[in-house]
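Colleague: show me how the following folds:
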Amino acid sequence: NPKHLYKIMDLYSKFGKPLQLTEVTIPAYSNSEEDEAIQAEIIKNLYSIWFSQENMEQIVYWNLVDGYAAFAPQGDMTAGENYYYGGLLRFDLSPKPAYNTVKNLIQNVWHTEEGAVTDENGICSFRGFYGEYELEFEVNGKTMKKTVLLSSKSDNKIKVVL
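Modeller: Reported below is the predicted structural model:
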């Protein structure tokens, strides 16, 4: 229930502490194309809700590969948590639609590619997701690069002297 998830996350967010989700496994219940597609859609929706929370720090997916879950022989899809087919990868390590969904969210949807030009005072700004950025500057026909980190733990004001 998205309304309930937002309500609970907003409640805990008021404490100003980072939120973390751990041991997340979204079941597919089988390796059928339909069940894997449903798993991917649920993951897309849940991850989008979780990621939208300002204080969300991390989401830890638990059973990454089908057939390797706790309390079951490897590959036995009838035992333990293997029964749920909750992995992002199949037993043979091929990606499931859920894996491609998470990869797309991280690499494409929640990703910033931005161009900016400084003003007459040499200042520019942009809004982007937290993470590592490679800045590229062109000055007097020369190109220079610098890697910077945008983080929730800093004011994200970066001064670059050329």
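Colleague: what pLDDT is listed against the residue nearest to E81 when sequence neighbours are not counted?
Modeller: Leaving aside its sequence neighbours, E81 sits nearest to A69 (C-beta to C-beta, 6 or more residues apart in numbering; 3.5 Å). All C-beta spots, glycine's among them, are computed from the backbone N, C-alpha and C. We have a pLDDT of 90 for A69.
Colleague: likewise for the one 4 residues further on?
Modeller: In the predicted model, P73 carries a pLDDT score of 95.
Colleague: neighbours of the residue nearest to E81, how many?
Modeller: When counting by other C-beta atoms under 10 Å, one arrives at 23 neighbours for A69.
Colleague: my guess is it contacts T78. True?
Modeller: No: in terms of C-beta atoms under 8 Å, A69 does not count as a neighbour of T78; the distance is 11.6 Å.
Colleague: got any residues that touch both of the two?
Modeller: Here A69 and T78 have no joint contacts, going by C-beta atoms under 8 Å, 6 or more residues apart in numbering.
Colleague: what's the helix or strand for E134?
Modeller: Taking DSSP states H and E as the criterion, E134 maps to strand 131-139.
Colleague: for the very next helix or strand once past that strand, name the packing helices and strands.
Modeller: Tracing the chain past strand 131-139, the next element assigned as helix or strand by DSSP H and E is strand 142-150. Under the contact criterion of 3 or more C-beta pairs under 8 Å, 6 or more residues apart in numbering; DSSP states H and E, strand 142-150 touches strand 131-139.
Colleague: buried by neighbour count: which residues of the strand it packs on qualify?
Modeller: Y133 (16 or more other C-beta atoms under 10 Å).
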